[in-house]
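Asker: got a structure for you, letters missing:
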């Protein structure tokens, strides 16, 4: 049966419906799987290659359900589909043994499908917010009523009229004050000139001292009169503006009160909602989202936490006493505007929403080790291409970090420190992705580092990469300009973002075709994180991922991206220098 929530949510009829629905979730394999060996350990969900059983389950789900698409969800795969409203979807399969020891699989989708939560043959959500009699629906309706009041008051004719009146009165006040102040400036100049002339007349004995004193008194009186008039003007307009402000404040206070009530109700509803999302693990422990995310930096679950396919699958397996065997998630449909998602490709679970949840749920299972904690460069050597007293040019092997990471210290930087213990400064001038091989220049002094960094900042350094991509573009060359920013929900992946992304530009040229794949020369004009990988893989770029790109494409022996050429001026002599090293895959 489904995960239990509070009595106010589930009634007897809902339980009956849930039980009837649950009966369809265990799916038997159509093909003979007797010759496929079971995995020794459960899938590490954040970096994996699908097990054969997971692939078979995914293909069966695709053929039997996704291709027929009985729900009429617009995946954007057909020419007749409305592309503007097309929504691709992440699906997951979990190979399990049921209580009778039979091997099969269960399936799930992330979020909603065809605007629904409950669809056969997929497992139900951990908590169904769409239940009509749930607290979420009722309290959401109450919050929506507050929203309607806020919207009505915010755009009320009375509020807008008070705001207009205040602006108008303020402008009139400012104009009246400015006019009076200008009169005072003119009067001050005139009085100053009168005093000057009277002083001269006094010195020439044209007027008496008594007449001069009388004039001075009169001029002072005029000054005081103008100052008093200015004060009267300010007082007059202050009274009128204050009257309007009182009426306006009454409405704005009411508006702020509604907003405060909405915030309080929303926070309470959010906490109550998070409490309904309860997740088991392999040890039989249960935690809700509030507890799971309590130790994360923000202490709050992100939006849609618990709605992804992987947590749904594991929760269903635990509550039905199924033994989890292997899991995989894949994308089906048109790619999102900002992300790189390719139809039918397998992808790991996301980090911001799923990592804390799955970190709890996987406890008690025999899970594959995290490959990202393994130093894949332990047996690799750095090739020295050139060295002098100021710089070293190296050929970095693929799968070696440029600088020490959080869990792995072995890197170009640490090895260079060991090789050149007397070097000063940070050594590293620029970086290559861990999976990228090729040329890097290392500075052996702070002065050399500063001079080289300045060249990179001024973009006078010339870089040429070569990449093998998984298809052949129609053109021979082109330019790609797609702004990039980090995916806050799934670091270190990048997104195309025209609002907050940083300008990123790449020129590419087709070198030759190798077994149906294109070898490209890539010339990055900017140096954004994952720029070349994103510009190749994103559908607004080439739409063809680099071979072996485990973030934006498919796994392979390595990422087929290599920094082939590097040109710069020597930081000490200023002499132009150029280096080239061919890639092993050229």
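Answerer: Thanks, I have it. Nothing here was measured: the structure is a model prediction, and the numbers come from that model.

Asker: Would you mind measuring from residue 101 to residue 322?
Answerer: Taking CB to CB, to the nearest Å as the measure, residue 101 and residue 322 are separated by 11 Å. In short, each C-beta sits where N, CA and C put it, glycine included.

Asker: more crowded one of the two?
Answerer: Per other CB atoms under 10 Å, whichever of residue 101 and residue 322 has more neighbours is residue 322, with 22 against 7.

Asker: So the more buried one versus residue 360, what's the distance?
Answerer: 18 Å.

Asker: Over to residue 207?
Answerer: Distance from residue 207 to residue 360, by CB to CB: 98 Å.

Asker: In terms of neighbours, single out the busier of those two.
Answerer: Each of residue 207 and residue 360 has its neighbours counted (other CB under 10 Å); residue 360 has more, 20 against 17.

Asker: Give me the pLDDT value at the more buried one.
Answerer: Residue 360 is assigned a pLDDT of 97 by the prediction.

Asker: what's the answer for residue 406, then?
Answerer: 84.

Asker: so which helix or strand takes in it?
Answerer: Assigned by DSSP states H and E, residue 406 falls within no helix or strand.

Asker: Kindly report the same for residue 279.
Answerer: Counting by DSSP H and E, residue 279 is found in strand 278-280.

Asker: Please enumerate residues in contact with that strand?
Answerer: Strand 278-280 has contacts (CB atoms under 8 Å, 6 or more residues apart in numbering) with 3, 126, 286-289, 292, 306, 311, 314-315, 318-319, 357, 360-361.

Asker: Kindly report the same for stretch 153-172.
Answerer: So stretch 153-172 is contacted by 237, 240, 241, 244, 245, 247, 248, 251, 252, 254, 255, 258 (CB under 8 Å, 6+ apart).

Asker: buried sites along that stretch?
Answerer: 159, 162, 165, 166, 169 (16 or more other CB atoms under 10 Å).

Asker: can you confirm residue 227 is in a helix?
Answerer: Yes. Assignment of residue 227 by DSSP: H, G, I helix; E, B strand; the rest coil places it within a helix.

Asker: From here on, call the first residue 30.
Answerer: Okay, using 30 as the starting number, the last item reads as residue 256.

Asker: ok, it to residue 217 distance?
Answerer: Residue 256 is 11 Å from residue 217, by CB to CB.

Asker: would you list every one of the helices in the stretch 430-579 of the chain?
Answerer: Using DSSP state H, counting those that start in this stretch, the helices of the stretch 430-579 of the chain run over 441-448, 475-486, 560-566.

Asker: and residue 67, how many residues sit next to it?
Answerer: 13.

Asker: Revised request: answer the last question for residue 100.
Answerer: A count of nearby residues for residue 100, using other CB under 10 Å, gives 14.

Asker: How about residue 97?
Answerer: Neighbours of residue 97 (other CB under 10 Å): 9.

Asker: quick one: which helix or strand includes it?
Answerer: Using DSSP H and E, residue 97 falls outside every helix and strand.

Asker: Per-residue pLDDT of the residue of the chain most remote from its centre, please?
Answerer: Computed with CA atoms, centre = their mean, the residue of the chain farthest from its C-alpha average is residue 234, at 85.5 Å. Residue 234 carries a pLDDT value of 87.

Asker: Helix or strand: which one has it?
Answerer: Per DSSP H and E, there is no helix or strand for residue 234.

Asker: what does residue 169 give?
Answerer: helix 164-183.

Asker: Please identify the buried residues of that helix?
Answerer: Buried residues in helix 164-183 (16+ other CB under 10 Å): 164, 165, 168, 169, 172, 175, 179.

Asker: Make CSV from those residues and add distance to residue 293 and pLDDT to it.
Answerer: Compiled in CSV, the buried residues of helix 164-183 are given as follows (distance: CB to CB, whole Å; pLDDT from 0 to 100):
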residue, distance to residue 293, pLDDT
164, 16, 80
165, 16, 78
168, 12, 85
169, 15, 84
172, 10, 90
175, 10, 93
179, 14, 92
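
Asker: thinking again about what came up before, what does the average pLDDT come to for the strand holding residue 308?
Answerer: 96.

Asker: Quickly run through the sheet partners of that strand, with directions.
Answerer: Applying DSSP bridges, strand 307-309 is found paired with strand 315-317 (antiparallel).

Asker: Past the partner strand, which element shows up next along the chain?
Answerer: Heading C-terminal from strand 315-317 (DSSP H and E), you reach helix 318-321.

Asker: gap between whichever helix or strand comes after that following helix and the chain center?
Answerer: Downstream of helix 318-321, the first helix or strand assigned by DSSP H and E is helix 338-348. Between the centre of helix 338-348 and the centre of its chain there are 26 Å (CA atoms, centre = their mean, to the nearest Å).

Asker: Please enumerate residues in contact with helix 338-348?
Answerer: So helix 338-348 is in contact with 30-32, 54, 74, 119-123, 125, 135-139, 152-155, 308-311, 351-353, 356, 358, 378, 383, 386-387, 390-391, going by CB under 8 Å, 6+ apart.
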